[in-house]
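Student: model this:
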Amino acid sequence: VSFMSHTLFITTDDIKNFLTTQVAIFEGVTYAPGFGPFVIFNREMRLNTYVDFRMAGDTDDIPECAEWLKVIRNALCAAPDELDLAAMTEEISSDRKTPFRWVMHWLAARYQSPGYSTGTNLWLIGDIGGVGKGTLLTVMRELLGPTVGKVNQLDLSKGWTDSLYGRELLEWDEFKDGAGWHSFNRLIKTWTGNDTIMPNARNRGAMLQPAVAMHIFTTNDLIPALV
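Tutor: Residues are numbered from 1 along each chain as shown. The predicted model follows:
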């Protein structure tokens, strides 16, 4: 091979040496937001499949969000009084422990810190439909992209849990565990309360993964879980 006025001789041994010592070998893939394309997890070299799909924000667009913030505050958080945009943004930035402020900070954490899990779940509970629970997930999908997913109840009942992998925000919509409340509580603890998860996919088996998702439970059942 001619290279910069020199002739380089590449032998079969050179090629074998390159393939055995210079090519990176990965033991699996993982989903690790905020890290580079190559990560070490569980003492294994893995390829990171995370892609940042977040929509770019602009403070000039805040006035357009006033009516949507009212939906979150008055419908989803059941605040009895209606506030204007200035008062709502003041409540969000205050230190008052209101449901609206908590929900807005919880949602902001998902946007601002990819891969960070708060260790808390957001439950939107109400026996009246059409107040915006599903719309909230639609808005979050627009903001975050395909990293927002939905837990597949049918797959989980069959032992396939890969719908919980590779997502940063997961919706549990009217989820019911046929085995009862205690089983449901264990399921929630396993998938939302630990640092790692073990998703199981058809024909691929299970592999330990970091738990990076945050979870929203939406239901019209006023007592959805045993507390």
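
Student: Surely residue 33 and residue 212 touch.
Tutor: Yes: Residue 33 sits in contact with residue 212 when judged by Cβ atoms under 8 Å, with a separation of 5.8 Å. No exception for glycine: its C-beta is placed from N, CA and C like everyone else's.

Student: Those two: who's more crowded?
Tutor: Neighbours per residue (other Cβ atoms under 10 Å) separate residue 33 from residue 212, with residue 212 holding more: 23 against 18.

Student: what's around the closest residue in space to the more buried one that isn't next to it in sequence, how many residues?
Tutor: Excluding the flanking residues, the one nearest residue 212 by Cβ to Cβ, 6 or more residues apart in numbering is residue 115, at 4.5 Å. Close neighbours of residue 115, defined as other Cβ under 10 Å, add up to 16.

Student: what's the answer for residue 16, then?
Tutor: Look at residue 16: counted by other Cβ under 10 Å, it has 10 neighbours.

Student: Could you tell me whether it really is in a strand?
Tutor: No: read with DSSP: H, G, I helix; E, B strand; the rest coil, residue 16 is helix and lies in no strand.

Student: CA atoms only for stretch 58-69, dumped as CSV, please.
Tutor: Extracted in CSV, the C-alpha atoms of stretch 58-69 (Å, rounded to 0.1, in the frame of the first residue of the first chain):
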residue,chain,number,x,y,z
ASP,A,58,-37.4,28.6,24.6
THR,A,59,-38.5,30.9,27.4
ASP,A,60,-40.3,33.1,24.9
ASP,A,61,-42.8,30.3,24.5
ILE,A,62,-43.8,30.3,28.2
PRO,A,63,-46.8,32.6,27.6
GLU,A,64,-48.2,30.0,25.2
CYS,A,65,-48.3,27.5,28.1
ALA,A,66,-50.7,29.3,30.4
GLU,A,67,-53.8,27.4,29.6
TRP,A,68,-52.0,24.1,29.7
LEU,A,69,-50.5,24.9,33.1
